[in-house]
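Student: 3D, please:
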Amino acid sequence: MTRCGVLLPTFDPLGTGEPPPVVAAARRAEALGFDGVWAGDHLACPAPGLDAPSCLAAAAAVTARVTLGLSVMLLALRPPAWAAKQLQTIEALAGGRLRVGVGLGGEFPQEFAAAGVPVHERGRRVDETLEVLADLLGGRPVRRAGGALGDLDVPALRPAVAAMPPIYVGGRGEAALRRAARFGDAWLPMWLTADEVARRAERLAALAQEHGRPRPRLALLVGVRVDDDVAAARDAAAAHLRGLYGLDLEAVERWTALGGVAQVAEHLAAYVEAGVGELILMPLGAAPLAQYERLAEVRVHLGLGRPTVSADQEGARA
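Tutor: Okay, the predicted model is just below:
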């Protein structure tokens, strides 16, 4: 069955000045039956935002069932040893529930400058980190010379993970497909049509075969706003995208699910039919926990879950 998760509200794209309700969102997502919660990762972008690994650690502490994923961790911004320590920590708190999404970033060069990382080296840094990540997470020393990462001399890091968490490789282009074929357990693009996902999945399968690996699973990150008033849904999504990415809705609207429950479910169903085995839904606009309630309805409409008790119904029963 297709898995369905939600992005945690770790950013403040609307400039409310309020702390993002990460802990409450993690609890509510689990109560509503979602399969996973995910955190986006940026050091510096147009919206104020919290540190993604810290948010997943907080979510791990208040949940027991949902998987916890990075969508996606910008590995190039971090020394490999620190990235591994952050991941080991989440895994220790989450007990086998970690999912490691990785990607390049680069749309905000200022965060690479802030980290002291040349933005043009991000692809090499990600690949070189992925080459040693299993050893780092597994508690094995890593020593290698040269490359974009420079000389590495990392002692055994503890606590080692008991099993390597699944790697989700983000990105849409050929380089991302090659990276997913080589390293990924899943491919995690965004902003593609269902037909484009299916076509690129065929290319991914051919590339994976060159490495003697099975084709990675297909996952997809989708921006969503559920509102029976489509104009209101568009306005909410537009404000969110401007605040978070400095992006106009018109540039990505055809890949964004907007409207009532049935409309959003129809949009997502096309991806399920194209072979996507995991949907990661990014609620757009204000009141993300209220959007979780509506997205739970979408999930049921898609046949991916059972009806759940809403927060209002829980309050009425109390």
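Student: ok, and what's touching the helix or strand where D153 lies?
Tutor: Using DSSP states H and E, D153 sits within strand 152-154. With CB atoms under 8 Å, 6 or more residues apart in numbering as the test, strand 152-154 has contacts from 80-81, 84, 132, 136, 141-145. (Each C-beta comes from the backbone N, C-alpha and C, glycine too.)
Student: and for stretch 205-222?
Tutor: Stretch 205-222 is contacted from outside by 7, 71, 168-170, 177-178, 180-182, 184-190, 192, 197, 201, 204, 255-257, 267-268, 271, 274-282, using CB under 8 Å, 6+ apart.
Student: now intersect these with the strands, please.
Tutor: Counting by DSSP state E, the contacts of stretch 205-222 place 7, 71, 168-170, 186-188, 257, 278-282 in strands.
Student: what is the nearest of those to R99?
Tutor: Checking these against R99 with CB to CB, the nearest one is Y168 at 6.2 Å.
Student: the closest one bridge partners, please.
Tutor: Per DSSP bridges, the residues bridged to Y168 are G101, A186.
Student: circling back: which of the contacts of strand 152-154 sit farthest apart?
Tutor: Distance extremes for the contacts of strand 152-154: the farthest pair is A84 and A145 at 18.8 Å, using CB to CB.
Student: excluding its backbone neighbours, what's nearest the residue nearest the centre of the chain?
Tutor: Geometric centre of the chain, nearest residue: S71, 2.0 Å, by CA atoms, centre = their mean. Distance criterion CB to CB, 6 or more residues apart in numbering; nearest residue to S71, sequence neighbours excluded, is W38 at 4.1 Å.
Student: let me see the ranges of the helices in the stretch 1-150 of the chain.
Tutor: 22-31, 52-62, 80-94, 109-115, 122-137 (DSSP state H, counting those that start in this stretch).
Student: next up, the contacts around the residue lying closest to D41 once chain neighbours are set aside.
Tutor: Among residues not flanking D41 along the chain, A52 sits closest, at 3.9 Å (CB to CB, 6+ apart). Contacts for A52 (CB under 8 Å, 6+ apart) come out as 10, 39-42, 70, 73.
Student: which residues are contacting stretch 84-99?
Tutor: With CB under 8 Å, 6+ apart as the test, stretch 84-99 has contacts from 36, 38, 53, 56-57, 60-61, 66-70, 78, 100, 133, 136-137, 154, 157-163, 165-166, 168.
Student: next secondary structure after the longest strand anywhere in the chain?
Tutor: In the chain, taking DSSP E as the definition, the longest strand is strand 217-226. The helix or strand immediately downstream of strand 217-226 is helix 230-245, counting by DSSP H and E.
Student: now that next one: buried residues?
Tutor: For helix 230-245, burial by neighbour count (16 or more other CB atoms under 10 Å) applies to 233-234, 236-245.
Student: swap in stretch 189-200?
Tutor: 189-190, 192, 194, 197-198, 200.
Student: ok, so of these, who is nearest D228?
Tutor: A194 (23.8 Å).
Student: per-residue pLDDT of that closest one, please?
Tutor: pLDDT for A194: 98.
Student: wait, what's in contact with it?
Tutor: A194 makes contact with 270-271, 273-274, 276, according to CB under 8 Å, 6+ apart.
Student: now with 7 Å?
Tutor: A194 is in contact with 270-271, 273-274, counting by CB atoms under 7 Å, 6 or more residues apart in numbering.
Student: and if you look at G5?
Tutor: By CB under 7 Å, 6+ apart, the neighbours of G5 are 34-38, 280.
Student: distance of it from W38?
Tutor: Note on G5: its distance to W38, by CB to CB, to the nearest Å, is 6 Å.
Student: who are the contact partners of the closest residue to G139 other than its chain neighbours?
Tutor: Excluding the flanking residues, the one nearest G139 by CB to CB, 6+ apart is A160, at 2.8 Å. Going by CB under 7 Å, 6+ apart, A160 touches 137-139.
Student: picking up where we left off before, tell me the one of the buried residues of helix 230-245 nearest L149?
Tutor: Y245 (28.1 Å).
Student: find the nearest non-adjacent residue to the closest one, please.
Tutor: Closest to Y245 by CB to CB, 6+ apart is P46, at 6.7 Å.
Student: what is the burial count for P13?
Tutor: 22 (other CB atoms under 10 Å).
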